[in-house]
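Engineer: Got a sequence here, can you model it:
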Amino acid sequence: MATIRQQIIELLEHDEHDARRLSQSLGISEKEVYAHLPHIAKSLSKQGKKLRTEPAECIGCGYRFKNRQRVTKPGKCPVCKSERIENPRFCIK
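Structural biologist: Down below sits the predicted model:
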């Protein structure tokens, strides 16, 4: 059986997913998915691949968190202060 990280890589190679969808597919918590992503990015870079992140977006005003370095979902929008934030999505290219 493949490790959790190998399973995440397998899913991300085929389609774009957010942490919630990955956690539901693998039966682990979102927090655990977020913990694995930096390690996956590092191992992919050694293979010549890249973990692409589609940034989180505020549902209220449409602000995109383009310059955010962390892979986790932000708490609230800096523009409108809304807490309704769409999760960042990930894929492998």
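
Engineer: gap between the two ends of stretch 41-57?
Structural biologist: 21 Å (Cα to Cα, to the nearest Å).

Engineer: pLDDT of that stretch, averaged?
Structural biologist: Stretch 41-57 carries an average pLDDT of 94.

Engineer: After whichever strand or helix holds Ile9, which helix or strand is next? Please name it.
Structural biologist: Element membership for Ile9 (DSSP states H and E) is helix 4-14. Downstream of helix 4-14, the first helix or strand assigned by DSSP H and E is strand 17-18.

Engineer: Mind giving me the packing neighbours of the helix or strand following that following strand?
Structural biologist: Counting by DSSP H and E, the next helix or strand C-terminal to strand 17-18 is helix 19-26. The contact analysis (3 or more Cβ pairs under 8 Å, 6 or more residues apart in numbering; DSSP states H and E) places helix 19-26 against helix 4-14, helix 30-46. No exception for glycine: its C-beta is placed from N, CA and C like everyone else's.

Engineer: Just the residues contacting the last one, thanks.
Structural biologist: In this structure, residues lying in contact with helix 30-46 by Cβ atoms under 8 Å, 6 or more residues apart in numbering are 4-5, 8-9, 12, 19-20, 22-23, 26, 50-51, 71-72, 90, 92.

Engineer: in the sheet, who's paired with Leu51?
Structural biologist: Beta bridges link Leu51 to Ile92 when assigned by DSSP bridges.

Engineer: That one: how many residues sit nearby?
Structural biologist: By the criterion of other Cβ atoms under 10 Å, Leu51 has 20 neighbours.

Engineer: And stretch 13-22, what's buried?
Structural biologist: His17, Asp18, Ala19, Arg21, Leu22 (16 or more other Cβ atoms under 10 Å).

Engineer: Could you measure from the second one over to Glu86?
Structural biologist: Okay, so that is Asp18. According to Cβ to Cβ, to the nearest Å, Asp18 and Glu86 sit 8 Å apart.
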